[in-house]
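Engineer: Kindly generate the corresponding structure for this input.
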Amino acid sequence: AAAKQMIDARIGCLLVVDEKDENEIVGVVTERDCMRAISENVSTLTDSIIKDIMTSSEDIISAKNNISSEDCFKIMLANNIRHLPLVDDSFVICRVLSIKDVAASMISENDRKVHEKEEEAEYWQWRATMLDESPGSYMSH
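Structural biologist: You can find the predicted model right below:
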């Protein structure tokens, strides 16, 4: 059922909540968890329950929600994970970032920096032109 939910929603990770308290996260189940379960228990997969294949809350790697994309990427690489829950100051999960989210954010950030540098270069080119054309400029003689 978890794999079907992920396929239908086009996501790679589900948060697992306590049956009695939907605000309490008890684990995370990912595409990788489902694939591992299939490879290890082909005959009993239909009898498996989420608790058997999920990563429990004690083992979840998370980060503060104000973390940079670059730091998210470093955490994901260091821990060989593709999903990183972000938590607030009370350690409540705000959202789950995928490696794709992080990559897109890093590309956007890089594009923004390149654009800023291009604008700066245009300004200095314009400034140099204005100085060259101004009366009394060493270039105007």
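
Engineer: where exactly do the helices run in this structure?
Structural biologist: 2-9, 31-40, 50-53, 69-79, 99-133 (DSSP state H).

Engineer: Burial check on Asn41, number of neighbours?
Structural biologist: Taking other CB atoms under 10 Å as the criterion, the count of residues near Asn41 is 14. From N, CA and C alone the C-beta is placed, and that goes for glycine too.

Engineer: so who does Asp71 touch?
Structural biologist: The neighbours of Asp71, taking CB atoms under 8 Å, 6 or more residues apart in numbering as the test, are Ala63.

Engineer: With the one 4 residues further on instead?
Structural biologist: If you count contacts by CB under 8 Å, 6+ apart, Ile75 has them with 61, 63, 67, 81, 84.

Engineer: Would you mind checking the residues you listed for buried ones?
Structural biologist: Neighbour-count burial (16 or more other CB atoms under 10 Å) applied to the contacts of Ile75 gives 63, 67, 81, 84.

Engineer: Of the residues you listed, just say which sits nearest to Asp52.
Structural biologist: For Asp52, the nearest member of the buried ones among the contacts of Ile75 is Ile81. The distance, counting by CB to CB, is 19.5 Å.

Engineer: State the distance from Ile50 to Val29.
Structural biologist: As for Ile50, its distance to Val29 is 6 Å (criterion: CB to CB, to the nearest Å).

Engineer: can you list residues touching both of the two?
Structural biologist: Overlap of the contact sets of Ile50 and Val29 (by CB under 8 Å, 6+ apart) consists of 2, 16.
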